[in-house]
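K.L.:
Coordinates for the following, if possible.
(3 chains)
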Amino acid sequence: MEKKLMVLDGNSIASRAFYALPLLTTDEGLYTNAVYGFTTMLLRMLDEEKPTHLLVAFDAGKVTFRTEEYKDYKGKRLKTPGELSAQFPLLKELLNAFNIKHYELNGYEADDIIGTISAQAEANGFTTLIVSGDKDMLQLVSDKTRVALTRKGISEVELYSPAEVEAKYGLTPAQIIDLKGLMGDASDNIPGIPGVGEKTALKLLHEFKTVENVLDHVSEIKGKKLQEKIAAHADDARMSKELATILRDAPIEVTLEETVYQPYNQEKVVSVLERFAFKSLLERLGLNSAEANGAPVQAQEEIDFVTITEENREAWADKLTSPMAVMVEVDAENYHGAPIHGISLADGTVRLYVPFDQAGWPALIKWMADPEQKKWVYDAKRSQVALAWKNIQLEGICFDVLLASYLSNPSETNHRLCDVAERYGMKLASDDAVYGKGAKRSIPEASILGPHIARKAETIYRLRDKMDAALKEEGLDELFYDLELPLATVLGDMETHGVRVDRQRLDEMGVELTEKLERLTKQIHELAGTEFNINSPKQLGEILFDKLQLPVIKKTKTGYSTSADVLEKLESAHEIVPLILEFRQLGKLQSTYIEGLKKEIREETGKIHTSFNQAVTATGRLSSTEPNLQNIPIRLEEGRKIREAFVPSEPGWFIMAADYSQIELRILAHISQDENLIDAFRRDMDIHTRTAMDVFGVDEDEVTSLMRRQAKAVNFGIVYGISDYGLSQNLNITRKKAAEFIERYFSVFQGVKRYMDNIIAEAKKNGYVTTMLKRRRYLPDINSRNFNLRSFAERTAMNTPIQGTAADIIKLAMVNMAQRIEEEKLASRMLLQVHDELIFEVPEHELETMGKLVSEVMENALPLDVPLKVDVNYGKSWYEAK
DNA sequence: TGTCTCACG
DNA sequence: ACGTACGTGAGACAA
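P.N.:
Alright, predicted model coming up:
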């Protein structure tokens, strides 16, 4: 059998885990986050790699041969925090329980143990995988030895063979040492050459291969300053290289035979995991006998219910009461026109299951359509729309478990009924368990299906009071009852009505695009000198950067980046590049919008029926799927033409589009109370021009188009939670320049600055931020010691109240609009929402009324200290409504 | 299934 | 020094 050694860098992974995870403690007061993170990583790698031999290497003590040589080695490193160092004994205890060999050697680092054992492994025909968070390890990569580096804390690893090292750095593994020699390593206090960072070091190595060779050819290096620096620090470079070199022949006493990975004693492992309170790991290893092995399906309580038949239904008619939980079991993910298995009902005493062939039960039809009969459901819109396709009306919904769960934590992606139930201490079999997953999905026999659906209604019934209390507790009840719940009905009506799409128009555009794409394909293949798949980033990268030798601007995990911003920088480098950009643009139109949309036109109605998802985004926005009608092209004219195919569903009608102007910046003005920003909007100025005037200190007529463009980018940045790096990327300017813009912005808009500081402080204190309608988003990483996680949370804290309040406002406008259309008995219909705009179809004689009504309702949805402004346009298609 | 790319606000 | 703009969904490719 093939021998496979896995070596883990104990110190590196444990400290990565420590900084990536919150500081977990057990009841006894043990800190365990590093141990926990290390263990999950270990188990994952064991699972994926299935090694035959296994070793964990640790550093030993402060004094190593490297400190002897260079007293400042690791000199500036912050002391290991006590909360971390206390975890190493625990980690070793856990490794012992798992029967995993660990080793440390006085005077040497874990690196050297790893370097030595892997050298021995290579000599003995092993393949080796080294797991670490330290890039230095890449120098050990070879045909037989791979390195897995942790990414994003410890949640991912990136595997390196020689090819990946080459792809990422353009270096051989051995040259990694030279890289360190030149650039140094601040965390280990290895000096390198001052002023030489990764970019310069790579450039030098691509040309001269080694540190020694660089030093021998100083005079040939471009840049006088650089030459001087290198000459002055030649010894530093030599020493740095030496320090960075991992030993392959340390005097270790551990042998390969000792690292054989053997089965462990379950009792010992259980006792250690229990002491550390690693419940999820116990479960993962199947070690907490009862829960992990017993199927949850059996754990749920049996309930009594009656299945409605032709014969017994008369007797149950008067049991349909108010309130009652209703579960409409729809067969498919996409509920438009989908089959329905059945409907179950529960009111605490009565429990009914109505197979769908009994759905024509007159008492039920009447009860469902009666708005006075209160219904509690899971996913109101799904129930309403699926029934509407069967011409069954559902009214009177006054609780929705899905929406309640979403509001209680909009960052949660899983709101399945079974999981919500579990969070509230109840058991319910998952749909996956009952129906099967993927290819195995099937409808179970009636003796399983009926009880499952009946249990769902029962679960909804039991959840309602608890969830209602939870909503009130968090101040989310108004948002829920007055906004989200009524909105579900409005959205359901919009989806059911659908949008008329002119298939012929799409066909015509498709034919034109096909011709253009064929021409472009030929030209591109000719210029490349070979035929290849232009849609494959891999093949395209090879053509551009290997064959045609264009300069590499950016790389991805898997190879060269060929994204539009990279290609735009290469546009003048080769005539093939603009053709590829055009191919990409037209290809996207063809596949996603022409072909994609045509597939979504329903036979039954000749319309497209999207689904608005009301419970996915973390900010409170809607999203749209199958198809997504919130990303129909508009920015480029060729794409915008797609909108010509979106037409009214009645002859002679019009499409009307009403969009909020700068709603997010207006909200920012209101919540920050920035005087300058408020003034700008009260004067109804062009906000980007005004920003340019203030930031660049010029008069209105001196604002150039460049200045306005840059000011616009700054405004976007402000809304997103500004960072100098992000702005520099967007504007293609240096980070320093971007930082200057931001500083100048904040000196003029001091109220905005104050808001940004305050909202972050608030988030740190409360653990969440809120919108104007009290919608809440939790930010668990806001106090993280991991810079990346924390920064992300801070930007989110700045952005969410703005984006979320905009979502609140347009949702209010939608509910109000639907009500006004009904009250005023208008024929017009709301069709779509695209975050800051609403699309309607309107008969000619209602154009004037609707134009006024829409702007009135939208502008007054929520009064702010600045006016909200709405632009209304209409035309014979969505394209013309501009 | 994950990755890349790109469409929108 | 770290490595990023905020929020989405879909199609194509390559395992």
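
K.L.:
which bits of chain A sit near DNA strand B?
P.N.:
Counting by Cβ under 7 Å from any atom of the strand, the residues of chain A lying close to DNA strand B are A:156, A:438, A:537, A:556-558, A:561-565, A:567, A:581, A:584-585, A:588, A:592, A:630-636, A:639-640, A:803, A:834-837. C-beta coordinates here come from the backbone N, C-alpha and C atoms, glycine included.

K.L.:
now, which of these lie close to DNA strand C?
P.N.:
A:592, A:630-631, A:803, A:835.

K.L.:
Residue A:829 reaches residue A:498, doesn't it?
P.N.:
No - counting by Cβ atoms under 8 Å, residue A:829 does not reach residue A:498; the two are 9.9 Å apart.

K.L.:
that older thread, what about the ones next to DNA strand C among the residues of chain A next to DNA strand B, which are in helices?
P.N.:
Among those, the residues falling in helices (DSSP state H) are residue A:803.

K.L.:
now the ones next to DNA strand C among the residues of chain A next to DNA strand B: which count as buried?
P.N.:
The neighbour count (16 or more other Cβ atoms under 10 Å) marks A:592, A:630, A:803, A:835 as buried among those.

K.L.:
Of all pairs in these, which one is the farthest apart?
P.N.:
Farthest apart among those by Cβ to Cβ are A:592 and A:803. That separation is 24.6 Å.

K.L.:
Chain neighbours aside, what residue packs nearest to residue A:269?
P.N.:
Counting by Cβ to Cβ, 6 or more residues apart in numbering, residue A:97 is the residue found nearest to residue A:269 once chain neighbours are left out, at 4.8 Å.

K.L.:
for residue A:595, same thing?
P.N.:
residue A:510 is the one closest to residue A:595 (Cβ to Cβ, 6+ apart), at 7.2 Å.

K.L.:
Tell me how many other residues crowd that neighbour.
P.N.:
Residue A:510 has 16 neighbours, counted by other Cβ atoms under 10 Å.

K.L.:
show me what contacts it?
P.N.:
Neighbouring residues of residue A:510 by Cβ atoms under 8 Å, 6 or more residues apart in numbering: A:590, A:594-595, A:598.

K.L.:
And the strands in the stretch 51-200 of chain A?
P.N.:
A:53-58, A:101-104, A:127-132, A:145-151, A:156-160 (DSSP state E, counting those that start in this stretch).

K.L.:
Format those strands as JSON lines; extra columns: distance to residue A:877 and mean neighbour count.
P.N.:
Converted to JSON lines, the strands of the stretch 51-200 of chain A look like this (distance: least, Cβ to Cβ, whole Å; neighbours: other Cβ atoms under 10 Å):
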{"stretch": "strand A:53-58", "distance to residue A:877": "65", "mean neighbour count": "25"}
{"stretch": "strand A:101-104", "distance to residue A:877": "69", "mean neighbour count": "20"}
{"stretch": "strand A:127-132", "distance to residue A:877": "57", "mean neighbour count": "24"}
{"stretch": "strand A:145-151", "distance to residue A:877": "47", "mean neighbour count": "22"}
{"stretch": "strand A:156-160", "distance to residue A:877": "46", "mean neighbour count": "17"}
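
K.L.:
wait, what's in contact with residue A:879?
P.N.:
A:640-644, A:646.

K.L.:
In terms of pLDDT, where does it sit?
P.N.:
What the model reports for residue A:879 is a pLDDT of 97.

K.L.:
where does it land in three-state SS?
P.N.:
Secondary structure, DSSP: H, G, I helix; E, B strand; the rest coil: residue A:879 is coil.

K.L.:
for it, phi and psi?
P.N.:
Main-chain dihedrals, residue A:879, degrees, to the nearest 10: phi -60, psi -40.

K.L.:
how close does it get to DNA strand C?
P.N.:
According to Cβ to the nearest atom of the strand, to the nearest Å, residue A:879 and DNA strand C sit 20 Å apart.

K.L.:
and if you look at residue A:390?
P.N.:
24 Å.

K.L.:
and if you look at residue A:493?
P.N.:
Applying Cβ to the nearest atom of the strand to residue A:493 and DNA strand C gives a distance of 20 Å.

K.L.:
Find the nearest non-adjacent residue to that residue, please.
P.N.:
Nearest one to residue A:493, counting by Cβ to Cβ, 6+ apart, is residue A:818 at 7.3 Å.

K.L.:
Just the pLDDT for the one you found.
P.N.:
On pLDDT, residue A:818 comes in at 98.

K.L.:
Helix or strand for it, just tell me which one.
P.N.:
helix A:787-823 (DSSP states H and E).

K.L.:
go on, residue A:7?
P.N.:
strand A:4-9.

K.L.:
Show me what that strand pairs with in its sheet, parallel or antiparallel.
P.N.:
Applying DSSP bridges, strand A:4-9 is found paired with strand A:53-58 (parallel), strand A:127-132 (parallel).

K.L.:
What mean pLDDT does that strand get?
P.N.:
Mean predicted confidence for strand A:4-9 is 93.

K.L.:
ok, then the element right after it?
P.N.:
Downstream of strand A:4-9 (by DSSP H and E), the next one is helix A:10-20.

K.L.:
Export the strand holding residue A:7 to PDB, keeping only CA atoms.
P.N.:
Provided in PDB are the C-alpha atoms of strand A:4-9 (Å, rounded to 0.1, in the frame of the first residue of the first chain):
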ATOM      1  CA  LYS A   4       1.300   8.700   3.000                       C
ATOM      2  CA  LEU A   5       2.600  10.900   5.700                       C
ATOM      3  CA  MET A   6       0.700  13.900   7.000                       C
ATOM      4  CA  VAL A   7       2.600  16.400   9.200                       C
ATOM      5  CA  LEU A   8       0.800  19.200  10.900                       C
ATOM      6  CA  ASP A   9       2.500  22.400  12.100                       C
END
